[in-house]
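Visitor: Structure for this input, please:
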Amino acid sequence: MNVPSQLVLEFDHRPALGGDDFLVAPCNKEAVGWLDRWQDWPGPALVVYGPAGCGKSHLGQVFLTQSEGVRISLKMLLGGDPPSLLGDAPACLIEDAEQVVGPECEQALFHLYNWCLQEGRRLLLSATNAPSRWPITLPDLGSRIRAAVAVEIGSPDDALITAVMVKQFADRQLSIDGDVVAFVQARMERSFAFIRALVETTDKMALAEHRAITVPLMRRVLEQLEKNKGT
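Guide: Residues are numbered from 1 along each chain as shown. This next block holds a predicted model:
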């Protein structure tokens with residue numbers, strides 16, 4: 001039988017650029033709530049952290065979409081001042097923020113933080129670890145970052161993994177049987193990045209072979225993804 005569409009609809013959807021939706025679940029609900037209230041943060045910065053594959057990048061894109069903010073890379077942070085980096089944007093995002101280390105980088109982030117505070121802008125920092133574990137050596141920056149609200153995103157649970165997987169197959173107009181979902185779920189890596197690779201590889205293989213999505217096909221897809229990890 002086909003997996004019922006209600007499985008996906010149990011979750012709140014938040015639109016993001018590129019046509020994807022972010023599914024709100026217990027593991028990310030607190031972070032989503034803070035980003036919904038981005039104009040009312042108690043300070044200029046918010047830290048969102050969690051393990052690789054938990055959806056930080058997707059959630060960051062949702063934030064940029066709803067705030068009309070800009071993404072700032074490490075290279076951009078070092079190469080421009082805050083007014084030129086943000087322009088009229090009310091908010092910005094720095095990903096992998098715990099990698100902002102060293103005197104020059106930390107001074108640039110400190111300057112950006114203070115400018116956002118002065119101008120009423122918002123700064124979202126995403127990272128793998130909590131701010132208390134970042135190797136910051138500039139004391140003034142460390143105290144400000146550690147004083148910011150920090151929200152953890154947990155690893156996705158089975159219900160969210162299944163919902164995201166079914167939705168991504170449906171986005172490609174691909175039908176997936178409940179037995180296939182159960183087979184894959186018991187053997188897959190628990191991350192959104194893996195789901196994207198899984199769905200893309202399955203789509204290509206099924207199209208090339210003119211085959212339906214079956215357990216034998218998915219077994220080969222998983223084997224292929226495992227080989228890709230080793231290359």
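Visitor: Please count neighbours and contacts with C-alpha atoms only from this point.
Guide: Will do.
Visitor: quick one: low-confidence parts of this structure?
Guide: Low-confidence segments of the chain, defined by pLDDT under 70: 1-22, 231.
Visitor: the helices in it, which residues?
Guide: Along the chain, the segments classed as helices by DSSP state H run 6-9, 29-36, 56-67, 74-79, 82-86, 103-119, 139-147, 158-171, 178-185, 192-209, 215-229.
Visitor: need these in TSV with mean neighbour count and distance to residue 130, can you?
Guide: Below are the helices of the chain laid out as TSV (neighbours: other C-alpha atoms under 10 Å; distance: least, C-alpha to C-alpha, whole Å):
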stretch	mean neighbour count	distance to residue 130
helix 6-9	14	30
helix 29-36	18	14
helix 56-67	20	13
helix 74-79	14	19
helix 82-86	16	25
helix 103-119	17	17
helix 139-147	15	9
helix 158-171	19	23
helix 178-185	16	29
helix 192-209	16	21
helix 215-229	14	27
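Visitor: what would those look like in a markdown table with distance to residue 50?
Guide: Shown next, in a markdown table, are those (distance: least, C-alpha to C-alpha, whole Å):
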| stretch | distance to residue 50 |
| --- | --- |
| helix 6-9 | 23 |
| helix 29-36 | 11 |
| helix 56-67 | 7 |
| helix 74-79 | 20 |
| helix 82-86 | 26 |
| helix 103-119 | 21 |
| helix 139-147 | 16 |
| helix 158-171 | 16 |
| helix 178-185 | 21 |
| helix 192-209 | 13 |
| helix 215-229 | 22 |
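Visitor: closest one to residue 132 among those helices?
Guide: For residue 132, the closest of the helices of the chain is helix 139-147, at 6.4 Å, according to C-alpha to C-alpha.
Visitor: hmm, who's touching the closest one?
Guide: 45, 106-107, 109-110, 131-132, 136 (C-alpha atoms under 8 Å, 6 or more residues apart in numbering).
Visitor: 10 Å instead, please
Guide: Here helix 139-147 makes contact (C-alpha atoms under 10 Å, 6 or more residues apart in numbering) with 43-47, 106-111, 113-114, 125, 130-136.
Visitor: swap in stretch 197-217?
Guide: Counting by C-alpha under 10 Å, 6+ apart, residues outside stretch 197-217 touching it are 165-166, 168-170, 172-177, 179-184, 188-189, 192, 194-196, 218, 220-225.
Visitor: Could you check how far residue 190 is from residue 59?
Guide: Residue 190 is 17 Å from residue 59, where distance means C-alpha to C-alpha, to the nearest Å.
Visitor: just checking, residue 52 touches residue 189?
Guide: No. Applying C-alpha atoms under 10 Å as the test, residue 52 and residue 189 come out as separate, 11.3 Å apart.
Visitor: isn't residue 158 right next to residue 184, touching?
Guide: No. Counting by C-alpha under 10 Å, residue 158 does not reach residue 184; the two are 11.3 Å apart.
Visitor: List the contacts of the nearest residue to residue 90 once chain neighbours are set aside.
Guide: In space, and not counting its chain neighbours, residue 90 is closest to residue 121: 5.0 Å by C-alpha to C-alpha, 6 or more residues apart in numbering. With contact taken as C-alpha under 10 Å, 6+ apart, residue 121 is in contact with 38-39, 43-45, 69, 86, 88-92, 112-115.
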